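Enquirer: coordinates only, sequence not included:
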């Protein structure tokens, strides 16, 4: 018998999550049935969406999340032993699965051959965050060469990718992040045209200088007051892809400006999205990002925390913006 360790949601989060909100328990797994496989977690993801989604997760449930897992036993020929699988198994060490995903949800995938690249990329630029940036930016913002693009949360897994794709499409890119270290990476390695540290600089004044011609596309990861500042500097018929609102995840009473005025008078298109909208095209984004990486056109960075017992620490650090690029936990 295999014993799995898993984190369950023990209490509702109030404000910033606390260690006592989750509980680590053991579960004895049954023998495999025909069509099933056993997967052992190798890397687990921590992502901003987990904070708001936890509000509707039933108490006692395995905490949500995607992982890269190694197939160690199988009675399903589609999932052979030795392959790596990516699925939303949650915060657990071992999982029995039949490989069937819920219709319309993110599909279960066997990682393609990544060559010398780490399999952890299946949680980042070659996984859900990568597809979030790829589809969310290209399908909603529909960027054109010469346009000005602003990305908030630019130092994270999604934002850093969006900025690079915007550069590939011939756009001028302005990234907004919360540390000089992140902004140095964005400017010097990822070739963003301008960067703004929202913690130490006047965002409104700096944006007016960096985007004197106005903003055409805005990829919004944070919401809040910064988003209102950007909306008020957008050009007519600009497009806004709303990916997240991390600035308010721990404080739902946070004050934000009024967005209706710029939406109406600048005739903007503002659309929120969840990446599973493109579940039927999932491998398209992964394979395109993989090709760009191999061509040297995309770069990535990971913040790796070691130890399944450090899941909570990595989660809270990510919510605080400690990570550069994708935050993952190595079991």
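Expert: Looks like it arrived, so ask away. Quantities reported herein were computed from a predicted structural model and do not represent experimental measurements.
Enquirer: C-alpha from now on. contacts and neighbour counts both.
Expert: OK.
Enquirer: quick one: buried residues of stretch 12-30?
Expert: 12-13, 17, 21-22 (16 or more other CA atoms under 10 Å).
Enquirer: Span of that stretch from start to end?
Expert: 30 Å (CA to CA, to the nearest Å).
Enquirer: Likewise for stretch 21-36?
Expert: With CA to CA as the measure, what separates the two termini of stretch 21-36 is 32 Å.
Enquirer: tell me the centre residue of this protein?
Expert: Taking CA atoms, centre = their mean, the centroid of the chain lies closest to residue 129, which sits 3.6 Å from it.
Enquirer: Name the nearest residue to it, ignoring sequence neighbours.
Expert: Closest residue to residue 129 apart from its sequence neighbours, by CA to CA, 6 or more residues apart in numbering: residue 158 at 5.3 Å.
Enquirer: any idea which element the one you found lies in?
Expert: helix 157-168 (DSSP states H and E).
Enquirer: Report the next helix or strand after that helix in sequence order.
Expert: Per DSSP H and E, the first helix or strand lying C-terminal to helix 157-168 is strand 172-177.
Enquirer: Show the subsequent helix or strand relative to that next one.
Expert: helix 180-188.
Enquirer: just how off-centre is whichever helix or strand comes after that next one within its chain?
Expert: Per DSSP H and E, the first helix or strand lying C-terminal to helix 180-188 is strand 194-197. Distance of strand 194-197 from its chain centroid, counting by CA atoms, centre = their mean, to the nearest Å, is 21 Å.
Enquirer: Would you map out the domains in this structure?
Expert: Following automatic domain parsing, one gets these domains for the chain: 2-124+300-330, 128-275.
Enquirer: mind putting those in JSON lines, mean pLDDT and distance to residue 294 included?
Expert: Formatted as JSON lines, those follow (pLDDT from 0 to 100; distance: least, CA to CA, whole Å):
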{"stretch": "domain 2-124+300-330", "mean pLDDT": "95", "distance to residue 294": "9"}
{"stretch": "domain 128-275", "mean pLDDT": "93", "distance to residue 294": "14"}
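Enquirer: Could I get the ones you listed in JSON lines, plus columns for distance to residue 288?
Expert: Shown next, in JSON lines, are these (distance: least, CA to CA, whole Å):
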{"stretch": "domain 2-124+300-330", "distance to residue 288": "12"}
{"stretch": "domain 128-275", "distance to residue 288": "9"}
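Enquirer: Quick one: closest of these to residue 289.
Expert: Closest of the domains of the chain to residue 289 is domain 128-275, at 7.4 Å (criterion: CA to CA).
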